[in-house]
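K.L.:
Pasting the sequence and the predicted model now:
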Amino acid sequence: MSDGPLIVQSDKTLLLDIDHILSDECRRAIAAFAELEKSPEHIHTYRLTPLGLWNARASGHDAEQVIDVLIKYSRYAVPHALLVDIAETMSRYGRLRLEAHPVHGLILVSNDAAVLKEVTRGKKVAPMLGLQLDDETIVVHPGQRGFLKQALLKLGWPAEDFAGYVDGEHHEISLREDGWKIRKYQELAAEGFWHGGSGVVVLPCGAGKTIVGAAAMAHAKATTLILVTNTVAARQWREELLRRTDLNEDDIGEYSGAKKEIRPVTIATYQVMTTKKGGVYAHLDLFDAIDWGLIIYDEVHLLPAPIFRFTADIQSRRRLGLTATLVREDGMEGEVFSLIGPKRFDVPWKEIEAQGYIAPADCVEVRITLTDEERLNYATAEQEDRYRFCSTSQTKKAVAVALAKQHANDQVLVIGQYIDQLDQLSEALGVPVIKGDTPIKERERLYALFRSGEIKCLVVSKVANFSIDLPEATIAIQVSGTFGSRQEEAQRLGRILRPKADGRGARFYSLVARDTIDQDFAQNRQRFLAEQGYAYRIIDADEVINKN
Amino acid sequence: MSTAAITFADELRARSDQDLAMIFQFRPDLVSPVPNDFSSLAARATSTPSLVRALDSLNLWHYQIVEAACVLPEPFKKSELIAVTNEESATALDYLWQMGLLYKEGNNFRTPTNLKLLIGDEPAGLGPQSVGKIDFTKLKDVPKSSLDVLAKLTWGPPRGSISNIKKPGNAIGWLLENNILVALDSHTVALPREFGIKLRQGKVHRDLVTKPSNLEGKKIDQKQVDLAAIANVSTILRWCEELLHNLSDEPPTALRTGGIGVRDLKRIAEHMGVDEACAGFVAELCYLSGLVVVDPDDQILPTSAFDIWLTKSAEERWYSLSILWLDTSRASGLIGKISDKNIAPLGPELDRAGVSLIRRTTLKVLIENPEISPKIESLQEIVKWWNPQRVNNDFIFWNLREAEWLGITGQGVISTFGVNLLNSSETLGVEAALPKPVDHILIQADNSAVAPGPLTAELSAELGTIADIESRGGATVYRFSEASIRRGLDHGKTGEQIKTFLTKTSKTPMPQPLDYLIADVAKRHGRLRVGTAHTYIRCEDEGLVQQILHDKKCEHLRLRKIASQVLVTELELTEVISELREYGYLPAAENASGVLLSQPNLRRSKSRPKPPRIISEFTAPKEAIVLAAVKTIRAGERSRKVEPIIPGTSSNETLALINQYIDEKRTLVISYADNNGGVSNRIIEPISISLGTLTARDETTGEIAQFRIPRINGVAPSLTISENKADLGL
């Protein structure tokens, strides 16, 4: 029995002891086939999933290698049943192949007639298939490539896709590394994506996902459609691309509520893509407007359902998804994987932090005791109003103001969910507020003032959850949120993770009303970050007040 | 009793003590109970059940020799048998004689009665003996078309059907005419045995399989095997624990026929993270070991034996499971749906004769082929050679699967632990091979804790009360939550104790959120108080409540005030009411549905463990028993010599006679049937009769014994004692 760093559990999780001398070597070995599930301080958890094993097959690993790695690094004997299961699962991959046929277009091929028979019997699969050419070949209806792959995956017979990608219309793009250098992990991420053809890259907020996108474009050297969450983000992408690549202003178009430009590189917002006119999605044609060679989905964890459906249609185009937190409270992670592509790159947040590319963060939960009157009102409130009630209490407001004043010399963001609460805070602190109805122009002006340091503090609603680049923000005070959303918590922390010029750490305050539902939600919200190794510190609101 | 059996008995009588002992060794069923004399031994040895057992224990070669012996006309010479088989058969013949499946008449052999019946009319696929004249020279002239017919019938079955015997067609017609075929009825023709053997070139079997084939399979290093096996061992022990804890948490209700229902099994399997076949097997193992029982009220619950089992070492726990599995006649592989019928674990339908025999053979083959992970087909073939009559490919498949689950094998190869178990070694080596228990955990900021190895029993029990298990295997991942901490507090721990325990046990510092979580829950815990009371008294008039509470007469009601208007007591409602009325109060009863009774945490059945019975195979008896048996038969034989044949008497006669002899104080001989149906003569001095039982002094033992009147077949006055003794040669 070796004294390895890895413990293989019978529920197919792998526990990696990161204090072990071989842990780095082992991490690299298992990353090829296991999904990183969480990475707290001492023991990281990976999981073996069919999808992960199939991806490993796709990138050239076979079952024997996987089993060897497990046995080599395992501290205890590996359950035999698990090894058998791995071999069986991996042998399922590639029995079905999708190929391009000169006459019939897309075909489904298998050397195993029984498997082919089994899948053609599937209720979901049958309508996507056409004429059976021979025992081993069936024509696939055009446009069904994505749906078919998804359906086959569900049946447990993933198809290996040899049908290839269209190159799209050529457009010369390359990185312009003047005064900056692409980081190692960014390069690895872009290469991992390019090698795999399509897929998702998971990097922490502030770790420079835009550059990964730019590097991917430089690989593709083709016209690119970039889908982002909102207009401000679109403009940031534009600026970043101008700075990092040799694209010029005319190459890049914005396709949003305000402008409808179509250029070799077009940045569109999810919102405009899903706008309906007369019951139909008016702008989905954009997908066909140019022979795109690459489609980039920013913040892919937010991908709205109509785009999902449309994405299934464009399986022959290369797709790159970017996100910091591939957790969806709606459990649609699986759809993202099968439609955009599997996870091609993932790295624990703490590792990037250790390399100095994101700022170290101190997460603090401030426990607030409601007054007796507030407690009584809370107790008698309707179930659905309770969260709003406890998270917007007056006591909380006082603590938030006190905290903001303590950090008067830092760049502070106060983030909340409820508009009237934000308005009150803005008034109490005497600072501007950015919310849904703030015009884009005004938003950009305020962000610019904040970046330059002329404004020290901003009160923002959830419009600032994503993609807003505020490099010098060091303090975030979260007063309320979208219930127990884990990814929102992570994204909000992400706002302050850009490394600071003077190397200062960031601090994230989450204000929580004690003994209420707020506390339960907070616990759920913090889970993703806790699993990424961010240990929350808890302090009492009295400490904050007394400090003043 | 037929003449043959008596002759068989005579031959048995003539055998040496050593040879007799051999019979008992080979056919253990004959010693239980020990037969009284040689004729009953012969009768028993030729009884169908005993013969079937004996045939079942033969390997394919020996069975083929029995077939060959049944083919030959009796008595037959050794040389005749060798002629139709091969030279090696001589040793097989001796073996069969020792087993008592053949007996000698001079230098020739005979088969005991019933043996041919069991082998069937067409041994080795040969037809009936010819009644007509046999002329082998005719075989030379067989026309070509008839040759095809003969080719079809030669290797059996020796019968063929035709539409009409009157118009047989040319090919068959020629054969019938020349007596090479005989007509059995108007539609069937058969090839007579003599011609069959002739056409088989004078042999009975095409292939006489004198030894099993070699086991095919993949070679695996024993070290790998033991590693895999030890993983299996720790897994099965964990499975048992999980299953039993789960039964304790949510005891399923047994089916009407006994056993765990489909839905419950599915739920248990899901909980354990295994398939239903495996969950069923684990349930059966626990059942065999008496760790789980079906309660009289049909709940399926762990027994207190489980708590004891938990305190034992892993090796002892594994041994207790495995050793019972080796012998059980319950085939867990049957669990599930079999042609519309559901067979339930713990149910009554799992017993299959022969399953443990096949299991032993399978393991024997594995032990003989170390470091080989067998191909199932090859293994099945070899097991079939050893037990051609009992073989069942499903049994072999299930046995292999179960051996793997148990860790008797690892990757299909017999493990060191399995070998030790089967050789009844002193230590099995399990304890040494299992990873050493760890005595610490690592707590992480996401409120989880990892025990990086098997925890000591004490720690795991302690942690189990304050945290939920999230993942199991070599390590265990625990998660702390509000509910789990509350459970710990419910178990009587305080927040401080939990913190101290975790700080002491964890190698990593306690994260602050967990600290807060424990403090928060501890602070809220117990703010609401719940208790049990049998009866309450409530009254809006607080003064009256006070009055009752301080009323001397009511003291014995042991009333307790829990609120200004409420008193409670442990006494029954009716009692309280009648007492209060007696003391002049005017109480009225209330519907008692508001009373809450909390359930105990660990539920255990109150019944004793009742493991299922095992249809055991007879194992070879101990030498002492065999020797005693031989001695008994010889002695019985001697006493039989002096036994007068006692005329049968009816019950009334018997009663009358015995009463008469009691009065006369005479010694008499009775013919008495014992519990096993064996009839023997006893010399007794009758003393009294009551309730259908005769009390008498048994002359042989000198003790007072009870004899049941209905079992006395005959009564006769005995010779005088001195005459008796003289006859016995004393």
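P.N.:
All right, it came through fine. Residues are numbered from 1 along each chain as shown, chains lettered A, B, ... in the order given.
K.L.:
hmm, what's the outermost residue in the chain?
P.N.:
By default, I'm working from chain A. Of all residues in chain A, A:D134 has its C-alpha farthest from the mean position, at 42.6 Å, by C-alpha atoms, centre = their mean.
K.L.:
my bad, chain B
P.N.:
With distances taken from the mean C-alpha point of chain B and given as C-alpha atoms, centre = their mean, the most distant residue is B:G543, at 70.3 Å.
K.L.:
and the residue nearest to B:N36 when sequence neighbours are not counted, what element?
P.N.:
The spatial neighbour of B:N36 that comes closest, neighbours along the chain excluded (C-beta to C-beta, 6 or more residues apart in numbering or on different chains), is B:G636 at 4.3 Å. The C-beta positions use only the backbone N, C-alpha and C, and glycine is treated the same way. Per DSSP states H and E: B:G636 is located in helix B:623-642.
K.L.:
how about that helix: buried residues?
P.N.:
Buried residues in helix B:623-642, defined by neighbour count with 16 or more other C-beta atoms under 10 Å in any protein chain shown: B:625-626, B:629-630, B:632-633, B:636-637, B:639, B:642.
K.L.:
Pull the residues that contact it.
P.N.:
When contacts are taken as C-beta atoms under 8 Å, 6 or more residues apart in numbering or on different chains, the neighbours of helix B:623-642 outside the stretch itself are B:13, B:17, B:20-21, B:24-25, B:31, B:34-38, B:41, B:621, B:680-681, B:724, B:727-729.
K.L.:
For stretch B:387-395, buried residues please.
P.N.:
B:387-392, B:395.
K.L.:
ditto for stretch A:476-496
P.N.:
Residues of stretch A:476-496 classed as buried: A:476-481, A:483-496 (neighbour count, 16+ other C-beta under 10 Å).
K.L.:
Need the single longest strand in chain B, by residues.
P.N.:
strand B:679-690 (DSSP state E).
K.L.:
Just the CA atoms of that strand, as PDB, please.
P.N.:
C-alpha atoms of strand B:679-690 as PDB (Å, rounded to 0.1, in the frame of the first residue of the first chain):
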ATOM      1  CA  VAL B 679     -37.200 -51.000  15.200                       C
ATOM      2  CA  SER B 680     -35.300 -52.900  17.800                       C
ATOM      3  CA  ASN B 681     -36.000 -55.500  20.400                       C
ATOM      4  CA  ARG B 682     -35.600 -54.400  24.000                       C
ATOM      5  CA  ILE B 683     -35.600 -56.600  27.100                       C
ATOM      6  CA  ILE B 684     -37.400 -54.800  29.800                       C
ATOM      7  CA  GLU B 685     -38.900 -55.300  33.300                       C
ATOM      8  CA  PRO B 686     -42.300 -53.400  33.100                       C
ATOM      9  CA  ILE B 687     -43.100 -51.300  36.100                       C
ATOM     10  CA  SER B 688     -46.200 -49.300  35.400                       C
ATOM     11  CA  ILE B 689     -48.400 -47.800  32.700                       C
ATOM     12  CA  SER B 690     -49.800 -44.300  32.700                       C
END
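K.L.:
Let me know the average pLDDT across that strand.
P.N.:
Within the predicted structure, the mean pLDDT of strand B:679-690 is 82.
K.L.:
do stretch B:499-519 as well
P.N.:
Looking at stretch B:499-519 alone, the average pLDDT works out to 92.
K.L.:
ok, is that stretch in contact with chain A or not?
P.N.:
Yes: using C-beta under 8 Å from any C-beta of the partner chain, we find that stretch B:499-519 touches chain A at B:508, B:511-513, B:516.
K.L.:
Dump those into a markdown table; add neighbour count and secondary structure as well.
P.N.:
Written out in a markdown table, the entries for these read as follows (neighbours: other C-beta atoms under 10 Å in any protein chain shown; DSSP: H, G, I helix; E, B strand; the rest coil):
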| residue | neighbour count | secondary structure |
| --- | --- | --- |
| B:T508 | 17 | coil |
| B:P511 | 25 | coil |
| B:Q512 | 15 | helix |
| B:P513 | 22 | helix |
| B:Y516 | 18 | helix |
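K.L.:
just checking, next helix/strand downstream of whichever helix or strand B:L400 is part of?
P.N.:
Under DSSP H and E, the secondary-structure element containing B:L400 is helix B:393-406. Once the chain leaves helix B:393-406, the next helix or strand it forms, by DSSP H and E, is strand B:409-410.
K.L.:
Give me the contact list for that following strand.
P.N.:
Outside strand B:409-410, the residues that touch it by C-beta under 8 Å, 6+ apart are A:80, B:224-232, B:366, B:400, B:403-404, B:415, B:418.
K.L.:
quick check, nearest of those residues to B:D275?
P.N.:
If you rank the contacts of strand B:409-410 by distance to B:D275 using C-beta to C-beta, B:E404 comes first, at 13.7 Å.
K.L.:
Pass me the low-pLDDT residue ranges in chain B, would you?
P.N.:
B:1-6, B:591-603, B:615-617, B:638-647, B:719-730 (pLDDT under 70).
K.L.:
Near chain A, which residues of it? Just list them.
P.N.:
Within reach of chain A by C-beta under 8 Å from any C-beta, chain B has these residues: B:227-228, B:230-232, B:235, B:273, B:404, B:410-411, B:435, B:442, B:444-448, B:450, B:452-453, B:471-475, B:477, B:508, B:511-513, B:516, B:520, B:524.
K.L.:
In PyMOL, select just the buried ones from those.
P.N.:
The buried subset of the residues of chain B next to chain A, as determined by 16+ other C-beta under 10 Å, is captured in PyMOL by this line:
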select buried, chain B and resi 227+228+230+231+232+235+404+410+411+435+442+444+445+446+447+448+450+452+453+471+472+473+474+475+477+508+511+513+516+520
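K.L.:
how about the residues of chain A near chain B?
P.N.:
A:1, A:7-11, A:13, A:15, A:17, A:38, A:40-43, A:45, A:74-80, A:365, A:367, A:515, A:519, A:526-527, A:530-531, A:533-538.
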